[in-house]
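A.B. asks: sharing a sequence plus its predicted fold:
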Amino acid sequence: MSSFKLFYAFAISSIVGVMASAPLGCIPAHAQTKPDSSKMPWMNKALSPDERADVVLGQMTLDEKMQMVHGAGWGVLRAGAPVPARSNFGAGFMAGIDRLGIPDINLADSAVGIRMAAYQGRYATLLPSTLGAASSWNPDAAFLYGSVIGRELRAHGFNMSIGGGVNITRDPRNGRNFEYAGEDPLLAGTMTGMLEKGVLSEHVMNDIKHYALNDQETGRNVVNVLLDQKAMRESDLLAFEIAIAIADPSGVMCSYNLVESHYTCENDYLLNQVLKKDFKFKGFVLSDWGATHSTVNSALSGLDQDMPGDDNYFSEPLKKAVQDGQVPEARLNDMVHRILRSMFAAGVVDDPPVRAVVDPFRGRDDAQHIAEESIVLLKNSGGILPLKAAVSSIALIGSHADVGVLSGGGSAQVDPPGGNAANPQPGGSNWGEVVYFPSSPLKNIQAKSPQASVKYADGKDTAAAVQLAKASTVAIVFVNQPMYESVDAVTLSLPKNQDALVEAVASANPNTIVVLETGGPVSMPWIQHVKGVLEIWYPGIGGAQALANILFGEVNPSAKLPVTFAKDDAQLPHPVVSGLEGVPASAPSREHKVKPFDLTYTEGAKVGYKWFEATKAQPLFPFGFGLSYTTYAYSGLTVDDANRTVHFTVRNTGACEGTEIAEVYVALPSAAKENYKRLAAWQRVKLAPGQSREVTLPLHPLTLTVFNTDQNGWQLLPGDYNVTAGPSSSDTPLKATLHVYP
Ligand code: BGC
């Protein structure tokens, strides 16, 4: 009998036993038998997580250790796969050790809210996409975001989140950008780190993924990413380094792709040398689902847990490798230690989740609050926004704006309450389905302007849309770019002829506003012909309320882009997504199967705005850009060389209260071979009309250094550093010099 089957049989008997004796109303999330903890010294909370892990490890048999280093299979993710009796119906399950009081780990995909809730008839809050939340540049909003996820995971009975995507936006067409936090390592690392800290604050194990350089979906299982170590450390890996330092993650998920000819889950450089040694990561490395390709090599290269775990690498074969001495038992102990210490550190042993009914109202309020800080005002000609409540007629066109807002797909899909608002069906959402959430722009806009005639045209019939636009004072066109895991956009162009729809409406109504519901950047060939543009991303369950508040000026937009919007694909370092050569731009979204290929990131560490600066190209909208209903002035930049801080003043020069995101960039001295400008600090500054505030900000030390591969460390070069500050990466009116003395 395999260990899995054994466990399965045992689990059924144990759950039945506990259910029979549990008092009604307090069934713990994990219905495991509870041994007497007074006889378990590792339950002593006065010991550190590492000490507790060591003590319990000393009690474990080889089979018990083996049980912890792999999951119990694909379970609910794959039709026909067995589902362990104690599984909470999430993406993954690791069986705990009952006799030692070690709980199961029930893992849930939860990048933007909990996945697969419908499967169990549960409710989960859909938050704005993490890329949207990154547009708030608000670490507190990120923490709140993570705490919503942690809170709801506990209520669902999960004790580990597998979100935390921090892959930087090397390619704006990457299908998963909406699950990440943009192109800048400091911003992405900080926002993702804070989000995952929020998860952990709810005593739920947290995660950072997909480590590393999984920056496009096309060919994700076969692409061999080539990038030199210096560039890697200063770009993608820097985002991970910052996020990991903040979040103290329980797990780091290695990705599907290869880096420098080694799969990331058996990549000694990435796992042992960088992650565990240099980043001092204390948690465990778990594979992405099916990303393990070997037993001995993976174990020795730093993989600690094979997920979902039925591919036969870390069960019997690893046991045999340990018995044969190919993998030292000390290495197996290290794997298990890392898992156990993360369980103790997160609190899932001492404070396990208890099932409860999720509070949908609290979740919606939190989601709306984050959305209000995430919506970016990109264009506002002639002050078309905010709309006057007295506007007489408003045309809403396209993208199911009568019923809902768009969400992102794949393993980040959350199930909408009541089913897909655009296409209600019984059951949960399907992979690749374009799913709308019931947050109706039409209803919320009408509520803000009760006397106005607010009418909707679905946009499929351009003539009808034009007719409605002509008959209305204002036309708001909703355009969308549905994105989901495993598929990239072929181009930056909006799909399904939506550019033509915008052009047609704009030529019919001079007061046209475009609302973008996109996974990431898109091109806007019609930009000169419309008066207003709002990027609302995938705005979550409170999205329409947040949008209406912004449209009517009850909330002043404050968000700024965490990614550069290129004018077109030709401006990008890779004008065609690698692996999609020859695929026509009009091709429908689909999984593009490709043979193994190398992808050389010729742009090196110059990702996003750094690339645009190096190539002197003018983007459509630069990184860090976003408008407000008020205006701000910057003055008086000084630099404190000794403390490496900057000081300046921001003033609200307009007529309404607002929050300005003040950005500080640093360009290294010429001794740094690549002295491109880097975001080094920022601050959200809330200001009443006419009010000034002085801000003092530390420059993030890692943004001032270069990675020296000979010394395998960060190096601060002596010299003059150009410090600039202002409202966006391409508008930095304040200039000063930081002197670093040898
Ligand atoms: C995704 C991961 C996800 C896992 C489990 C994989 O396909 O890349 O992000 O956590 O599936 O659903």
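C.D. replies: Looks like it came in fine.
A.B. asks: could you chop the protein up by domain?
C.D. replies: Per automatic domain parsing, the domain ranges recorded for the chain read 41-346, 375-555, 628-740.
A.B. asks: out of those, which one sits most buried?
C.D. replies: domain 41-346 (a mean of 23; mean count of other C-beta atoms under 10 Å). For every residue, glycine as well, the C-beta is placed using N, CA and C.
A.B. asks: now do the same end-to-end measure for it.
C.D. replies: 18 Å (C-alpha to C-alpha, to the nearest Å).
A.B. asks: hmm, it touching the ligand?
C.D. replies: Yes: using C-beta under 6 Å from any ligand atom, domain 41-346 reaches the ligand at 91, 109, 162, 209, 288, 289.
A.B. asks: make sure the last one is indeed in a helix.
C.D. replies: I take that to be residue 289. No: using DSSP: H, G, I helix; E, B strand; the rest coil, the assignment for residue 289 is coil, not a helix.
A.B. asks: and the nearest residue to it once chain neighbours are set aside, helix, strand or coil?
C.D. replies: Spatially, and ignoring its direct neighbours in sequence, residue 289 is nearest to residue 308 (5.3 Å; C-beta to C-beta, 6 or more residues apart in numbering). Assigned by three-state DSSP, the conformation of residue 308 is coil.
A.B. asks: hmm, residue 82 and residue 308 touching each other?
C.D. replies: No: with contact defined as C-beta atoms under 8 Å, residue 308 does not reach residue 82; the gap is 11.5 Å.
A.B. asks: where do the contact lists of the two overlap?
C.D. replies: Taking C-beta atoms under 8 Å, 6 or more residues apart in numbering as the contact rule, residue 308 and residue 82 both touch 73, 75.
A.B. asks: closest point of the stretch 1-150 of the chain to the ligand, which residue?
C.D. replies: With C-beta to the nearest ligand atom as the measure, residue 91 is the residue of the stretch 1-150 of the chain nearest to the ligand, at 3.8 Å.
A.B. asks: what is the least confident helix or strand in this structure?
C.D. replies: Confidence across the helices and strands of the chain bottoms out at helix 3-21, with a mean of 29, counting by mean pLDDT, DSSP states H and E.
A.B. asks: what's the helix or strand following that one packed up against?
C.D. replies: Counting by DSSP states H and E, the next helix or strand C-terminal to helix 3-21 is helix 49-57. In this structure, helix 49-57 makes packing contacts with helix 329-346, judged by 3 or more C-beta pairs under 8 Å, 6 or more residues apart in numbering; DSSP states H and E.
A.B. asks: can you list contacts of the helix it packs on?
C.D. replies: 42, 49-50, 52-54, 56-57, 60, 65-66, 68-69, 94, 102-103, 105, 159, 200, 203-206, 248, 250-251, 282-285, 299-300, 304-305, 318, 322, 349-350.
A.B. asks: 7 Å - rerun?
C.D. replies: 49-50, 52-54, 56-57, 60, 65, 68-69, 200, 203-205, 250-251, 282-284, 299-300, 304-305, 322, 349 (C-beta atoms under 7 Å, 6 or more residues apart in numbering).
A.B. asks: now do that helix, average pLDDT.
C.D. replies: For helix 329-346, mean pLDDT is 98.
A.B. asks: what angle sits between it and helix 49-57?
C.D. replies: Following axes from the mean of the first three to the mean of the last three C-alpha atoms, to 10 degrees, one obtains 120 degrees for the angle between helix 329-346 and helix 49-57.
A.B. asks: and the next helix or strand after helix 329-346, what's buried?
C.D. replies: Remark: after helix 329-346, the chain's next helix or strand is helix 360-372, criterion DSSP H and E. By neighbour count with 16 or more other C-beta atoms under 10 Å, helix 360-372 contains the buried residues 363, 364, 365, 366, 367, 368, 369, 370, 371, 372.
A.B. asks: helices and strands around helix 360-372, which ones?
C.D. replies: Judged by 3 or more C-beta pairs under 7 Å, 6 or more residues apart in numbering; DSSP states H and E, the packing partners of helix 360-372 are helix 139-156, helix 543-551.
A.B. asks: about what we covered before: relative to residue 244, how far out is the residue of the stretch 1-150 of the chain closest to the ligand?
C.D. replies: Going from residue 91 to residue 244 by C-beta to C-beta, to the nearest Å gives 21 Å.
A.B. asks: give me the residue from the stretch 251-400 of the chain nearest the ligand.
C.D. replies: For the stretch 251-400 of the chain, C-beta to the nearest ligand atom, closest residue to the ligand: residue 289, 3.9 Å.
A.B. asks: residue 309 is in contact with that residue, correct?
C.D. replies: No: using C-beta atoms under 7 Å, residue 289 is not in contact with residue 309, being 9.3 Å away.
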